[in-house]
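A.B. asks: Sharing a model that was predicted from the sequence below.
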Amino acid sequence: MAIIVYNDHASAFSLELIPTFAIGVAADFMPADEGYGRRPVPAVKGHPELAWHLAESLVLDEFDMTIANKMDVDHGLTVPLSIMFDQPDEWPIPVIPLCVNVIQYPPPTGQRCYSLGKAIRRAVDAYDEDLRVVIFGTGGMSHQLQGERAGLINEDFDRRFLDDLSRDPARLANIPHVDYIREAGSEGIELVMWLIMRGALGEHVSETYRHYHIPASNTAAGLIILETDESTGVTS
């Protein structure tokens, strides 16, 4: 069972409707048409029971979630699945999409995302079925796609971010928007989505894997696997 935190790229939402946080509660989510037909990957199977439980718990925990009974999911969600599971005929796990606005200002703060992760943890702990849950925090690391600084990569910023996911997440939660823009480029704000994942894992985690790469696409790519040190069944 996976909760995937990602951002939509004008597939399910547009500048006409901009939810800060949206949770998908449907049984199925179709791959989006991003301009060249639907992405050639399997449809995503949801988990409506846990999704509705999360929606109720998060709203009552004072997070204003947008509830999506139907939405297509684009590469922001399906690429992480492909990295995890390659190219199967169908995805081997159900998925709950949790979409975050990091496109249109103002995006949520790192602290708000970190707190949302903690609320997700509480909701999963309170669910009455024994499930093993993994949570994906997605989004590019330092990158900027336009303007005078197009192509910006800040490896030092990225590597320190990866370091502090395990040793000092509170510092990351307090990075202001302007620092993301200055240090990580205009699209580096996507890193706040990683903090939802980190908040869900509890205070103490262990790092089991890390990879960092700067590909030709000019978007720094990081991958880290963290496991909670407490017996909640929630990992990343």
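C.D. replies: Yep, it's here.
A.B. asks: Could you use CA atoms for every contact and neighbour count after this?
C.D. replies: Will do.
A.B. asks: Could you list the low-pLDDT ranges of the chain?
C.D. replies: 230-236 (pLDDT under 70).
A.B. asks: Which helix in it has the most residues?
C.D. replies: helix 110-126 (DSSP state H).
A.B. asks: and that one, what other elements does it pack with?
C.D. replies: Packing partners of helix 110-126 (3 or more Cα pairs under 8 Å, 6 or more residues apart in numbering; DSSP states H and E): helix 48-60, helix 169-173, helix 192-200.
A.B. asks: Can you list the neighbours in contact with it?
C.D. replies: Applying Cα atoms under 8 Å, 6 or more residues apart in numbering, the contact partners of helix 110-126 are 53-54, 57-58, 61, 63, 172-176, 192-193, 195-202, 232, 234.
A.B. asks: Quick one, which of the residues you listed are buried?
C.D. replies: 53-54, 57-58, 63, 172-173, 192-193, 195-202, 232, 234 (16 or more other Cα atoms under 10 Å).
A.B. asks: Doesn't Arg149 lie inside a helix?
C.D. replies: No - assessed by DSSP: H, G, I helix; E, B strand; the rest coil, Arg149 does not belong to a helix; its assignment is coil.
A.B. asks: quick one: contacts for the closest residue in space to it that isn't next to it in sequence?
C.D. replies: Sequence neighbours aside, Gly185 is the residue nearest to Arg149 in space, at 7.6 Å (criterion: Cα to Cα, 6 or more residues apart in numbering). Gly185 is in contact with Ser142, His143, Gln144, Arg149, Leu152, Ile153, counting by Cα under 8 Å, 6+ apart.
A.B. asks: The longest helix of the chain: which residues count as buried?
C.D. replies: Under 16+ other Cα under 10 Å, the buried positions of helix 110-126 are 110-124.
A.B. asks: how much does it deviate in direction from helix 192-200?
C.D. replies: Angle, helix 110-126 to helix 192-200, by axes from the mean of the first three to the mean of the last three Cα atoms, to 10 degrees: 40 degrees.
A.B. asks: Distance from the chain centre to helix 110-126, please.
C.D. replies: 13 Å (Cα atoms, centre = their mean, to the nearest Å).
A.B. asks: Also stretch 91-108?
C.D. replies: Distance, centroid of stretch 91-108 to centroid of chain: 5 Å (Cα atoms, centre = their mean).
A.B. asks: Let me see the residues that make contact with it.
C.D. replies: Counting by Cα under 8 Å, 6+ apart, 1-9, 15, 18-25, 42-47, 51, 77, 81, 85, 189-190, 192-193 sit against stretch 91-108.
A.B. asks: what about the strands in this structure?
C.D. replies: Taking DSSP state E, the strands of the chain run over residues 2-6, 21-24, 28-29, 44-45, 66-68, 95-100, 133-137, 205-213, 221-228, 234-235.
A.B. asks: Output those strands in TSV, with distance to Gly37 appended to each entry.
C.D. replies: Below are those laid out as TSV (distance: least, Cα to Cα, whole Å):
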stretch	distance to Gly37
strand 2-6	21
strand 21-24	22
strand 28-29	15
strand 44-45	17
strand 66-68	22
strand 95-100	21
strand 133-137	26
strand 205-213	29
strand 221-228	26
strand 234-235	34
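A.B. asks: just these: most buried one?
C.D. replies: Across the strands of the chain, the average number of neighbours (mean count of other Cα atoms under 10 Å) peaks for strand 95-100, which reaches a mean of 26.
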